[in-house]
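Asker: missing the sequence, but the structure's below:
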Ligand SMILES: C[S@@+](CC[C@H](N)C(=O)[O-])C[C@H]1O[C@@H](n2cnc3c(N)ncnc32)[C@H](O)[C@@H]1O
């Protein structure tokens, strides 16, 4: 762990690509930042320690917000809000925050969530088949016990890129008649029994667990809406930094950022079939033409960081914004 990461790592979660996040966000005194995925508070703590600024820490997980209250005792300019980051603009209006100087999103789950068996995110531990970040709404068990076979197969294929999706869905539906799914191990063992072991050594349940987690938490829609909300909140010269962990997430981040920067045309909302496309007014500038990856040293020290990709974008100062081109 490098000196920066170790000083801001809150017990239980090591912040990923922390020095790169700070380099792109460039926290400055008297400015306002949003940490849309507060988690263990590693990024928030680092931002607040770098500059005398304010941070709005958002998380949909009530446990993360409770943990954050300890940190706000030491950092009075840390404000915590329990909500989805897709709703950050509406949620912050209630506190009279209508714009900000930077937003950071560190997608996915924290080590706190993954390593707590009772949250049901991991196939490594036995716990209830839950996977809800917000601790409300339907659980992963509800999905596998009640959805039609085809829908389960589609979820595993679309969100997990699981090529044995149909075989797994068929066996889930057969098994649930005898005994509904309650635990992570019931599901993980079924998957391990019905599909061949992966040559790379990864657990056969990996892709299906990822798919169910994405579905339970509506993660891709959240990313889409969250990035749009963040872009709208940015003041001129404000920056958005996003760290993603798999290709489905990164594709969304990349496309929205490129559209915002006028690098690719965006389908017109009046033309859902996208026969006519238009370029956005150019009000943002990409700071990363390619995703930035963690250093080899970070990957060695924190294997969770291995798949991380960072992208960043800046809202242009008014003087550099270009008008609509069709
Ligand atoms: C990878 S962790 C963030 C870790 C944090 N950067 C740190 O250094 O401690 C992701 C956190 O974001 C939260 N989260 C994920 N999706 C969210 C969403 N759509 N809205 C709000 N919080 C979300 C999760 O509950 C989790 O606590």
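Answerer: Nice, I can see it. Please read these numbers as outputs of a predicted model, since none were measured by experiment. Numbering: from 1, shown residues only.

Asker: Contact partners for the residue nearest in space to the middle of the chain?
Answerer: The centroid of the chain falls nearest to residue 107 when counting by CA atoms, centre = their mean (1.9 Å). Residues counted as contacts of residue 107 (CB atoms under 8 Å, 6 or more residues apart in numbering) are 37, 219, 223, 242-245, 249. The way it works is simple: take the backbone N, C-alpha and C, and place the C-beta from them, glycine included.

Asker: quick one: which of these is nearest the ligand?
Answerer: residue 37 (3.1 Å; CB to the nearest ligand atom).

Asker: and the closest one, which of the three is it?
Answerer: Following DSSP: H, G, I helix; E, B strand; the rest coil, the label given to residue 37 is coil.

Asker: Quick check: phi and psi on the residue nearest to it when sequence neighbours are not counted?
Answerer: Spatial nearest neighbour of residue 37, excluding adjacent residues (CB to CB, 6 or more residues apart in numbering): residue 106 at 4.6 Å. For residue 106, the backbone dihedrals (degrees, to the nearest 10) come out as phi -120, psi 100.

Asker: same deal with the one 4 residues further on?
Answerer: For residue 110, the backbone dihedrals are phi -90, psi 170 (criterion: degrees, to the nearest 10).

Asker: so how many other residues sit close to the residue lying closest to it once chain neighbours are set aside?
Answerer: Residue nearest to residue 110 in three dimensions, not counting chain neighbours: residue 39, with 3.9 Å by CB to CB, 6+ apart. When neighbours are counted by other CB atoms under 10 Å, residue 39 registers 25.

Asker: wait, what's in contact with residue 39?
Answerer: Here residue 39 is in contact with 13, 59, 64, 106, 110, 112 (CB under 8 Å, 6+ apart).

Asker: Could you rerun that using 6 Å?
Answerer: By CB atoms under 6 Å, 6 or more residues apart in numbering, the contact list for residue 39 reads 13, 64, 110.

Asker: give me the subset of the residues you listed touching the ligand.
Answerer: 13, 64, 110 (CB under 6 Å from any ligand atom).

Asker: now the residues you listed in a markdown table, with distance to residue 157 and pLDDT?
Answerer: A markdown table is the format used below for the ones next to the ligand among the contacts of residue 39 (distance: CB to CB, whole Å; pLDDT from 0 to 100):
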| residue | distance to residue 157 | pLDDT |
| --- | --- | --- |
| 13 | 30 | 90 |
| 64 | 31 | 97 |
| 110 | 27 | 96 |
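
Asker: Name the member of these with the most neighbours.
Answerer: With neighbours taken as other CB under 10 Å, the top of the ones next to the ligand among the contacts of residue 39 is residue 110, carrying 28 neighbours.
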